[in-house]
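Visitor: Build me a model:
(4 chains)
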There are 4 protein chains.
Amino acid sequence: MIVVLKNGTKPEQIDNLKAWLKSMGIDTHMSVGVNHTIVGLVGDTSGVDMDLVRSLDIVENVQRIQEPFKNANKKFHNGRLVVDVNGVKIGGGEFQIIAGPCSVESREQVCFVAECVKKSGAGFLRGGAFKPRTSPYAFQGLLGEGIDLLLEAKKMTGLPIVSEIMNITHLPLFDPVDVVQVGARNMQNFELLKELGKTKKVILLKRGLANTIDELLMSAEYIMAGGNENVILCERGIRTFETRTRNTLDLSIIPVLKKLTHLPVVIDPSHALGYSYMVKPMALAATAAGADGLMIEVHNDPPHALCDGAQSLTPEAFDDVAKAVFQIRPFACRFDD
Amino acid sequence: MIVVLKNGTKPEQIDNLKAWLKSMGIDTHMSVGVNHTIVGLVGDTSGVDMDLVRSLDIVENVQRIQEPFKNANKKFHNGRLVVDVNGVKIGGGEFQIIAGPCSVESREQVCFVAECVKKSGAGFLRGGAFKPRTSPYAFQGLLGEGIDLLLEAKKMTGLPIVSEIMNITHLPLFDPVDVVQVGARNMQNFELLKELGKTKKVILLKRGLANTIDELLMSAEYIMAGGNENVILCERGIRTFETRTRNTLDLSIIPVLKKLTHLPVVIDPSHALGYSYMVKPMALAATAAGADGLMIEVHNDPPHALCDGAQSLTPEAFDDVAKAVFQIRPFACRFDD
Amino acid sequence: MIVVLKNGTKPEQIDNLKAWLKSMGIDTHMSVGVNHTIVGLVGDTSGVDMDLVRSLDIVENVQRIQEPFKNANKKFHNGRLVVDVNGVKIGGGEFQIIAGPCSVESREQVCFVAECVKKSGAGFLRGGAFKPRTSPYAFQGLLGEGIDLLLEAKKMTGLPIVSEIMNITHLPLFDPVDVVQVGARNMQNFELLKELGKTKKVILLKRGLANTIDELLMSAEYIMAGGNENVILCERGIRTFETRTRNTLDLSIIPVLKKLTHLPVVIDPSHALGYSYMVKPMALAATAAGADGLMIEVHNDPPHALCDGAQSLTPEAFDDVAKAVFQIRPFACRFDD
Amino acid sequence: MIVVLKNGTKPEQIDNLKAWLKSMGIDTHMSVGVNHTIVGLVGDTSGVDMDLVRSLDIVENVQRIQEPFKNANKKFHNGRLVVDVNGVKIGGGEFQIIAGPCSVESREQVCFVAECVKKSGAGFLRGGAFKPRTSPYAFQGLLGEGIDLLLEAKKMTGLPIVSEIMNITHLPLFDPVDVVQVGARNMQNFELLKELGKTKKVILLKRGLANTIDELLMSAEYIMAGGNENVILCERGIRTFETRTRNTLDLSIIPVLKKLTHLPVVIDPSHALGYSYMVKPMALAATAAGADGLMIEVHNDPPHALCDGAQSLTPEAFDDVAKAVFQIRPFACRFDD
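Guide: Residues are numbered from 1 along each chain as shown, chains lettered A, B, ... in the order given. Just a heads-up that it's a prediction; the model follows:
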């Protein structure tokens, strides 16, 4: 971290600053230039509050040199993380599609969809049992029963399952769930992240709707700092002013994350965009850009003759997308390590 | 809710739609125009998922007519809510300043600040015991001990206290806290909101950094749907592209909320802007626009001679702001009911 | 357009509204529902100011059913537009790479780059002669001399050229330029658009940094309403909160535009992202999603040993990107029409 | 400007960098720290392209220390600018309301409104003759005739007039206009700014919908660099995700601009918010925060019985707002110089 001091800062103010930093275990390296004095901070600055330093009266500006994330940082790992769930691998060159219904609704639904997506080549079954809803009056999911139905579909197909947790007190229910998802709205629910860091579950962490990539990595860091290294990162769209899509899918997260971290990167075009007609082009784009996986919503029975334009694909439409994805995958961008 | 159907929708598709809505208890009123057919939904549509309806293949567009919030809606209440905490009132013409340190650091600190802000006219003492921090390596607050210190300051000054909760399992610790704050990052932590809805605590709910006013009201609705009507809404800045301020303080939330809800509205200029030099002008602006209260950070001892420019005001600077606020308050905008 | 009236609107107010609309040539179709009255507007509503209607005291809400753009609307054209510049075609299944330096700097530079990118398969040469710069003190381009140098490179290679116009009084200088670019900051310079609409030049119109897709189409409509149908649309990144990229490349614009308009869609990953290491993955993504073309910056001689990480690719790096793009192109998403 | 070099940068690369900077007239001051080398740039760096430097392969990060604006910078001026238009002063403690219709529609309209707003205390008359409209099919203003009508109203009332220019070729028409407005969509129409810099007109420059305060100041700099020092800055709302207001009025621009520049600051709550019910609270807020002036839309005759809720106030409503504004003004925040 580099701190640029204002012109006219007095020596005793600088001494106070150095003493305060020293008290946090940080050494300093002073550089007096023509127009300004620069203080280089030496040591582990990951706990230093940049905002606080910037707000000091004698400080012109502050700049972080080291990334504030360590466990999630590619620099400190040999090679990329390959997450292995019962033999299904994702990351480090292994590519998977995670598919299934938005909400688990019934045994028939989830089992039928699971068999379909397996046939089309999906590696994981997703399904929501606990649903974060903006309105308290909207359907909140089948809760524990939803988890049970997912487990039946897993038994039938062998597909490992992915489902979202919203409350740390539900953790025992997620014991048999293979991948625990943290949704966009909980990306900075630090208390939830801390608790998940104490488990050994594979965590799929979704980027918040208005969060930066660095904030996503700091949230991964919360989990990893607790000892759980099995984190998959997921882009699901960010808020912008565009109204033709529900959110804007930020695919440039792929090269950025590949540069900064060794963790696998999954893209969810279904939630990001909100319209099924955009799923195929964006799934192909994400694959071409080098994503490690895709998360795609598939619904068995969009209300007859009424709805085939939803964010969810029918099994047939999913099959078409999956075929195109697997066809384009060999030509995707690769990232050296 | 009004649903505009696409040209060429077939009668049996319309029948399917009507049957599906009927299954949710919603009646329909059809209107066939020259270019389009419009379906008016009759009944309680607060549980209808607009996004789902919009995604139906036969639907051109959807528009909500009724607000989806009921308990938080001014229409269904006589007059504005006056929250009364041990005789200190806020809302419905009663104005208060909530002041105190960002984090509780020591008994001396919190008691000294409490006495200062009381002398300057503050009605509530604020102080953070549990701190949401982007980095797991940054100071996370004094936790339970911080609450104890706040209680000592309360005993000494009589000021009711406001402190932030981050984890529902901490609720017992907040039993003696007068006003429980939900921070911006937890505004859509629906599980936390539901649990707070079951209590009788006064809740101060902060708007999320990229959330709309309607989403804030839906989060209030989560608390109120559980039976807890004591909610104070707080604006603390939203994310924009501006870099000269930490966030952008959206003061137009005041007239908007005064039109939509009966709940009190508090403005926090300290967190929103991140620089102490902006606190006074924006505190005056918020007061003039008709806010029911202000939340302002005050620190006893910004590191000697080092920092008087932080987001926190010194007690002297706070006294100056409070004087100006009380002076301008009689000329503030008033909202008829 | 559908206008929802507030409860309690009086008959004479409705009559006034109908008379006012009639005076603009708009007929109305009334539908009286249980909770609200809906007015359907019949006729050409493209000139009706939605904001003004929404602000009327008796209006609850307004919704546009027809798109407000006509010339740019796919519905009113048979098939997609194929722009043909001296035999080089783009759109409607024809794919091109537009490549060249950000600024034209010298004869050697632009001719060398032109030969390189031609060899790698580019169909157009781009180069800036007039540069929009945030600071009046920064280099503003070689101006007219820059155009001359581009023309020399065109003579040498046969590549048609693309260059940006900033001032309508410069139009005569652009007479020999094949494709006239309107930059992001001028997307809503309506006076410039109107004048370009009176010419027969091919226009490449870039999306503004914070503009929606509909606004981009309305700006294309300004050009086309003047009689010039040769418009190519270009995404070059939008402003978001992300700081690891200069802007966020919104690739979902591809399926959205393919649905709404018959005009060709080009993606510019160089300007959008600002770092050369992201150009390849995002160029592949854009191609896979079904873009009609790419615009890529190529620089001959990034300052020796100093800069090979700029937004511009070296000719060698561009050759690698172009090869990968042409390889993935056969597997790209296709849009039926 | 401070440039932080990457670890492992070779001495000859540093020499190349120094030589390149030297060629632009910039000296350097090197500081070798434990983890990184820092290059301080000495000299006038206002023409140095930060993005280009950041993109150099050896550069970790870049930070500007000096503001890139000089003419618009408070540091280089004694006291604040007081703009004096025929004796009507704004800035440096002088406060004015600029009021009038959005569009000039007729002689009766503009003269009636002018007399009303003068009676209520407005210091300037505003009115649009050339209207920037998103749609080419919408009313584009009365053009030159509109200017003539404004001049008649000026003759009748003595109020100096403010009107928007969109095309530099219209400049002769604006010869008798007292204050020439540059609208939000033209804030970065650099060619227009340059031409206005060559005139002696007072310019009212509006902030773009998604532009930062620094970008606004750089646009002012374009005008001032040409020799025209008479610039008034105007906030009219920025784009955010909020849908209850047309734009978000960023009042924190007032303390920020008061710190950075000596130019007067005017706030336009009418355009920012789009609903007349918000004008009064936000006008009071802007005044309390220390704005030098307000720009408020007033319409003589909102369509009878139809519209009294538009963004424009009636003369009676404006009179009420003006009274409240003048009443609160003595208690507004003041900024020391």
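Visitor: Next up, the contacts around the nearest residue to residue A:147 once chain neighbours are set aside.
Guide: Leaving out its chain neighbours, the residue that sits closest to residue A:147 by CB to CB, 6 or more residues apart in numbering or on different chains is residue A:129, at 4.9 Å. For every residue, glycine as well, the C-beta is placed using N, CA and C. The contact partners of residue A:129, taken as CB atoms under 8 Å, 6 or more residues apart in numbering or on different chains, are A:103-104, A:141-147, A:149-150, A:163-164.
Visitor: just the buried members of these?
Guide: Buried members of the contacts of residue A:129, scored by 16 or more other CB atoms under 10 Å in any protein chain shown, are A:103, A:104, A:141, A:142, A:146, A:147, A:149, A:150, A:163, A:164.
Visitor: Distance of the closest residue to the third one other than its chain neighbours relative to chain C?
Guide: The reference is to residue A:141. Using CB to CB, 6+ apart and skipping the chain neighbours, the partner closest in space to residue A:141 is residue A:131 (3.9 Å). Applying CB to the nearest CB, to the nearest Å, the value for residue A:131 to chain C is 24 Å.
Visitor: Provide the secondary structure category for residue A:131.
Guide: What DSSP: H, G, I helix; E, B strand; the rest coil gives for residue A:131 is coil.
Visitor: count of neighbours near it?
Guide: Residues lying near residue A:131 (other CB atoms under 10 Å in any protein chain shown) number 19.
Visitor: go on, residue A:12?
Guide: Residue A:12 has 11 neighbouring residues, counting by other CB under 10 Å.
Visitor: ok, now residue A:22?
Guide: So residue A:22, with other CB under 10 Å, has 12 neighbours.
Visitor: Distance-wise, check it relative to chain D.
Guide: Counting by CB to the nearest CB, the gap from residue A:22 to chain D is 15 Å.
Visitor: roughly how far apart are the residue nearest to residue A:317 when sequence neighbours are not counted and residue A:316?
Guide: Nearest non-adjacent residue to residue A:317, counting by CB to CB, 6+ apart: residue A:276, 6.9 Å away. Per CB to CB, to the nearest Å, residue A:276 is found 12 Å from residue A:316.
Visitor: Point me to the residue of chain A nearest chain B.
Guide: Distance from chain B to each residue of chain A (CB to the nearest CB) is smallest for residue A:210, at 3.0 Å.
Visitor: Provide the secondary structure category for that residue.
Guide: coil.
Visitor: Nearest to residue B:52, out of the buried ones among the contacts of residue A:129: which one, please.
Guide: Distances from residue B:52 to the buried ones among the contacts of residue A:129, taken as CB to CB, are shortest for residue A:103 (10.5 Å).
Visitor: before we move on, the earlier item: higher neighbour count, residue A:276 and residue A:316?
Guide: Applying other CB under 10 Å to residue A:276 and residue A:316 shows that residue A:276 carries more neighbours, namely 26 against 11.
Visitor: where does the more buried one land on pLDDT?
Guide: If you check residue A:276, the pLDDT there is 86.
Visitor: Helices of the stretch 151-300 of chain A, start to end?
Guide: Along the stretch 151-300 of chain A, counting by DSSP state H, counting those that start in this stretch, helices occupy A:190-197, A:213-225, A:253-260, A:269-273, A:279-289.
Visitor: Please list the outside residues in contact with the second one.
Guide: Residues outside helix A:213-225 that contact it (CB under 8 Å, 6+ apart): A:67-72, A:182, A:187-188, A:190, A:193-194, A:196-197, A:203, A:205, A:207-208, A:231, A:233, A:253, A:256-257, A:260-261, A:263, B:134-137, C:242-244.
Visitor: Whatever residue of the stretch 1-150 of chain A ends up closest to chain D and chain C, how far apart?
Guide: Ranked by CB to the nearest CB, the top residue of the stretch 1-150 of chain A for proximity to chain D is residue A:31, at 3.3 Å. Noted for residue A:31: a distance of 23 Å to chain C, by CB to the nearest CB.
Visitor: Once you drop chain neighbours, what's closest to that residue?
Guide: residue D:31 (3.3 Å).
Visitor: Next SSE downstream of the helix-or-strand element of chain A with minimal mean pLDDT?
Guide: Ranked by mean pLDDT, DSSP states H and E, the weakest helix or strand in chain A is helix A:50-55, scoring a mean of 78. Sequence order places strand A:59-63 as the next helix or strand after helix A:50-55, per DSSP states H and E.
Visitor: Name the next helix or strand downstream of that next one, please.
Guide: strand A:83-85.
Visitor: which outside residues touch that next one?
Guide: When contacts are defined by CB under 8 Å, 6+ apart, strand A:83-85 is touched by residues A:89, A:90, A:91, A:124, A:160, A:178, A:179, A:202, A:230, A:232, A:264.
Visitor: So the residue nearest to residue A:141 is in contact with residue A:104, correct?
Guide: No: using CB atoms under 8 Å, residue A:131 is not in contact with residue A:104; the gap is 9.4 Å.
Visitor: so what sits against both of those two?
Guide: Both residue A:131 and residue A:104 are contacted by residue A:141, under the criterion CB under 8 Å, 6+ apart.
Visitor: Next up, phi/psi of residue A:148, please.
Guide: Per-residue torsions, residue A:148: phi -60, psi -40 (degrees, to the nearest 10).
Visitor: State the distance from it to residue A:229.
Guide: 29 Å.
Visitor: sorry, back to before: could you list which of the contacts of residue A:129 belong to strands?
Guide: A:163, A:164 (DSSP state E).
Visitor: Just the closest of the contacts of residue A:129 to residue B:53, please.
Guide: Nearest member of those to residue B:53, counting by CB to CB, is residue A:103, at 15.7 Å.
Visitor: quick one: the closest one and residue A:149, what's the gap?
Guide: According to CB to CB, residue A:103 and residue A:149 sit 11 Å apart.
Visitor: and for those two, which residues touch both?
Guide: Common contact partners of residue A:103 and residue A:149 (CB under 8 Å, 6+ apart): A:127, A:129, A:142.
Visitor: quick check, nearest of those residues to residue D:294?
Guide: residue A:129 (53.9 Å).
Visitor: tell me the phi and psi of that closest one?
Guide: Phi and psi for residue A:129, reported as degrees, to the nearest 10, are phi -100, psi -40.
Visitor: Please tell me the pLDDT value assigned to it.
Guide: At residue A:129, pLDDT is 94.
Visitor: re earlier: the more surrounded of residue A:148 and residue A:229?
Guide: residue A:229 (19 against 15).
Visitor: Would you agree the more buried one is in contact with residue A:72?
Guide: No: with contact defined as CB under 8 Å, residue A:229 does not reach residue A:72; the gap is 9.3 Å.
Visitor: so where's chain A shaky on pLDDT?
Guide: Along chain A, the model assigns pLDDT under 70 to residues A:301-310, A:337.
Visitor: Domain boundaries for it, per the record?
Guide: Listed domain ranges for chain A are A:2-63, A:74-331 (source: automatic domain parsing).
Visitor: circling back: measure the residue nearest to residue A:317 to residue A:101 for me?
Guide: Remark: distance between residue A:276 and residue A:101 (CB to CB) = 13 Å.
Visitor: got any residues that touch both of these two?
Guide: Residues within reach of residue A:276 and of residue A:101 at once, by CB under 8 Å, 6+ apart, are residue A:312.
Visitor: Cool, thanks, signing off.
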